[in-house]
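> Have a look at this fold, sequence not included:
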């Protein structure tokens, strides 16, 4: 039960971040809440999955969910899925691992002890591989959804455009 409460809290903070990223992209107002909700669901589900599988796998599944749920939200909002989905992906970017990689590289360059350099080299490799694998999982997870449902995403935006054009 504690995992679920922690996942909900994590999702709430991700919603705030997703809302901020969405707002910075200047999308239609109706999509801001959808991006925040999608960020909360994806980040909360990734947090929950981290207790059972690795971070790259959990991120891949969450990114795939963002794509699937983003398609549904985009259909309701009559806008391209990317407007809703990409701001929801941004809170899952592995910034802490990238930061630790750079910090370890700087420490490695300033260290003279071989044993400490060896430990730092392992830390650099570990953090760098985590950063790359999580970023790759984000890109592949959302891209698979876009590739599988390519026609549906195009049809959603075309229909929405034609309906609005006919109204005017």
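In hand now; what should we look at? None of the values given here were measured: they were computed from a predicted structure.

> in what helix or strand does the spatially most central residue of the chain lie?
With distances taken as CA atoms, centre = their mean, residue 89 lies nearest the centre of the chain, 2.3 Å away. Assigned by DSSP states H and E, residue 89 belongs to helix 81-89.

> got the contact list for that helix?
For helix 81-89, the surrounding residues in contact (CB atoms under 8 Å, 6 or more residues apart in numbering) are 18-19, 21-22, 24-25, 27-28, 31, 34-36, 38-39, 42, 63, 66-67, 70-71, 73-74, 77, 138, 142, 146, 153, 156. For every residue, glycine as well, the C-beta is placed using N, CA and C.

> and if you look at stretch 115-123?
100, 104, 107, 108, 111.

> Need those in TSV (columns: pLDDT).
Below are the contacts of stretch 115-123 laid out as TSV (pLDDT from 0 to 100):
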residue	pLDDT
100	93
104	91
107	90
108	89
111	84
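
> after the helix holding residue 89, next one along is what?
Next element after helix 81-89 (DSSP H and E): helix 95-110.

> and whichever helix or strand comes after that following helix, how far out from the chain's middle?
Per DSSP H and E, the first helix or strand lying C-terminal to helix 95-110 is helix 114-148. Chain-centre distance of helix 114-148: 14 Å, with CA atoms, centre = their mean, to the nearest Å.

> and what of stretch 44-52?
With CA atoms, centre = their mean as the basis, stretch 44-52 stands 13 Å off its chain's centre.

> one step back: so which of the contacts of helix 81-89 sit within helices?
Judged by DSSP state H, the contacts of helix 81-89 include 18-19, 21-22, 24, 31, 34-36, 38-39, 42, 63, 66-67, 70-71, 73-74, 77, 138, 142, 146, 153, 156 as members of helices.

> now stretch 20-29: mean pLDDT?
The pLDDT scores in stretch 20-29 average 78.

> how about it: buried residues?
Buried residues in stretch 20-29, counting neighbours by 16 or more other CB atoms under 10 Å, are found at 20, 21, 22, 27.

> Could you list the low-pLDDT ranges of this protein?
1, 150-168 (pLDDT under 70).

> now with 50?
Applying pLDDT under 50 to the chain picks out residues 160-163, 165-166.

> Just the buried subset of the contacts of helix 81-89, please.
Buried, going by 16+ other CB under 10 Å: 18-19, 21-22, 27, 31, 34-36, 38-39, 42, 63, 66-67, 70-71, 73-74, 77, 138, 142, 153, 156, out of the contacts of helix 81-89.
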